[in-house]
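1. what shape does this take:
(one chain, ligands or ions: 2)
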Amino acid sequence: MSEEENELSREEKEERYRKAGEIAQAVKKELEKLVKVGARVIDICESVEKLIREKGGQPAFPCNVSMNNVAAHYTSPPRDETIIEDESVVKVDIGVHVDGYIADTAVTFCFNSEFERLKEAAEAALKVALENIKAGVRTNEIGRLIEEKIREYGYRPIRNLTGHLLEEYSLHGAKTIPNIGLPSGDVMEEGEVFAVEVFATTGTGVVREAPYAYIYRLLPVRVPVRLTSSRKLLRIAADRFKGLPFAERWLVKEIPAVKLALKELSTKGILYEYKVLSDIKGSMVAQAEETVIVRKDGCEITTS
Ligand code: MN
Ligand code: MN
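-> Ligands and ions are numbered 1, 2, ... in the order given. Prediction:
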């Protein structure tokens, strides 16, 4: 078959974006039962990923469960013993894809009444963003609205995390939606799909990388590798995950020396490491995220 025959029509693509969105919605409904103080984070991650598959999708990335000052990119490593802490603020970020068409959505669970308003700030800022997205609007204008709303609540937006364009088997397209007002931005065009993603924090408003990662993604780099495990991992990352992010946890049974393989491939620049991202110790971060298709006069939210 030629490339042309493989290419889906815009309607067929949107059908898949919607199906991914519906699966994400259904999984979100189950979260309340899973995300409780004392629950094991690894059980939440695995339950979410299993539910996605049962409902006919695939995880577009490992389920992220980020607690307190951790903003993003925490998924359980193998045999993780982390539990949901009392008084915590927990972000659960879910990615679903259907044939490469992605839904990306996140919710915050607040187990500390002191930070209920922080969660509200993120949700209110997301709402304003969603109400103002339509074809022709610039992403920096949306960023300005997000920042304004979060500051109205007395918190800070996270300036180095953004919403992002979604494309086929691609989680982070070229266009981004900042959490802050910037002098320039990208024009959002009709039919484009964006993950609109808002972070409010009691901390500095800047996240830093931890020295560790549990999520990886294959980069388009081809250099010779030494380990058999590395070659196997490369095949799986390309054929099964098709360049989308994956977890060490997903591969431990299949690849005995997965840790060594991940190390070799990361060191050689073949894998991108999603380092865990946190604001300063003692701070709290809330997140709200939905996926939208940009329309002429607004946007269609696929994930709610
Ligand atoms: Mn997300
Ligand atoms: Mn996202």
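2. so where do the strands sit in the stretch 201-304 of the chain?
-> Using DSSP state E, counting those that start in this stretch, the strands of the stretch 201-304 of the chain run over 208-218, 246-247, 271-278, 285-295, 298-301.
3. so which helix or strand takes in the closest residue to ligand 1 within the stretch 101-250 of the chain?
-> With C-beta to the ion, the shortest gap between the stretch 101-250 of the chain and ligand 1 falls at Asp104, namely 4.2 Å. In short, each C-beta sits where N, CA and C put it, glycine included. Per DSSP states H and E, Asp104 falls inside strand 101-110.
4. for that strand, packing partners?
-> Counting contacts by 3 or more C-beta pairs under 8 Å, 6 or more residues apart in numbering; DSSP states H and E, strand 101-110 packs against helix 10-34, strand 89-98, helix 116-132, strand 193-201, strand 285-295.
5. got TSV for these, with distance to ligand 1, mean pLDDT and mean neighbour count too?
-> Shown next, in TSV, are those (distance: least, C-beta to the ion, whole Å; pLDDT from 0 to 100; neighbours: other C-beta atoms under 10 Å):
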stretch	distance to ligand 1	mean pLDDT	mean neighbour count
helix 10-34	10	98	18
strand 89-98	4	98	26
helix 116-132	12	98	20
strand 193-201	6	98	29
strand 285-295	5	98	24
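6. you'd agree Asp104 is up against Val292?
-> No: using C-beta atoms under 8 Å, Asp104 makes no contact with Val292, being 10.4 Å away.
7. thinking again about what came up before, of all the strands of the stretch 201-304 of the chain, which one is nearest Lys28?
-> Lys28 lies closest to strand 285-295 among these, at 10.2 Å (C-beta to C-beta).
8. how far away from the center of its chain is that closest one?
-> A distance of 10 Å separates the centroid of the chain from that of strand 285-295, by C-alpha atoms, centre = their mean, to the nearest Å.
9. could you export that strand as PDB, CA atoms only?
-> Backbone C-alpha positions of strand 285-295 (Å, rounded to 0.1, in the frame of the first residue of the first chain) are rendered in PDB as follows:
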ATOM      1  CA  VAL A 285       1.500  21.800  42.800                       C
ATOM      2  CA  ALA A 286      -1.900  21.300  41.300                       C
ATOM      3  CA  GLN A 287      -2.500  20.500  37.600                       C
ATOM      4  CA  ALA A 288      -5.500  20.500  35.300                       C
ATOM      5  CA  GLU A 289      -5.400  19.300  31.700                       C
ATOM      6  CA  GLU A 290      -7.800  18.500  28.900                       C
ATOM      7  CA  THR A 291      -7.300  17.700  25.200                       C
ATOM      8  CA  VAL A 292      -9.100  19.900  22.600                       C
ATOM      9  CA  ILE A 293      -9.600  20.000  18.800                       C
ATOM     10  CA  VAL A 294      -9.400  23.700  17.700                       C
ATOM     11  CA  ARG A 295     -12.600  24.900  15.800                       C
END
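10. got the angle for that strand vs strand 101-110?
-> 150 degrees (axes from the mean of the first three to the mean of the last three C-alpha atoms, to 10 degrees).
11. quick one: list the elements packing against strand 285-295.
-> In terms of contacts (3+ C-beta pairs under 8 Å, 6+ apart), strand 285-295 is packed against helix 10-34, strand 70-72, strand 89-98, strand 101-110, helix 116-132, strand 193-201, strand 298-301.
12. domains of the protein?
-> Split into domains by automatic domain parsing, the chain comes to 3-207+281-301, 210-276.
13. now Ala72: how far from Gln58?
-> Counting by C-beta to C-beta, to the nearest Å, the gap from Ala72 to Gln58 is 20 Å.
14. nope, Lys13 is what I was after
-> From Lys13 over to Gln58 the distance is 16 Å, taken as C-beta to C-beta.
15. check Glu167 too.
-> From Glu167 to Gln58 the distance is 16 Å (C-beta to C-beta).
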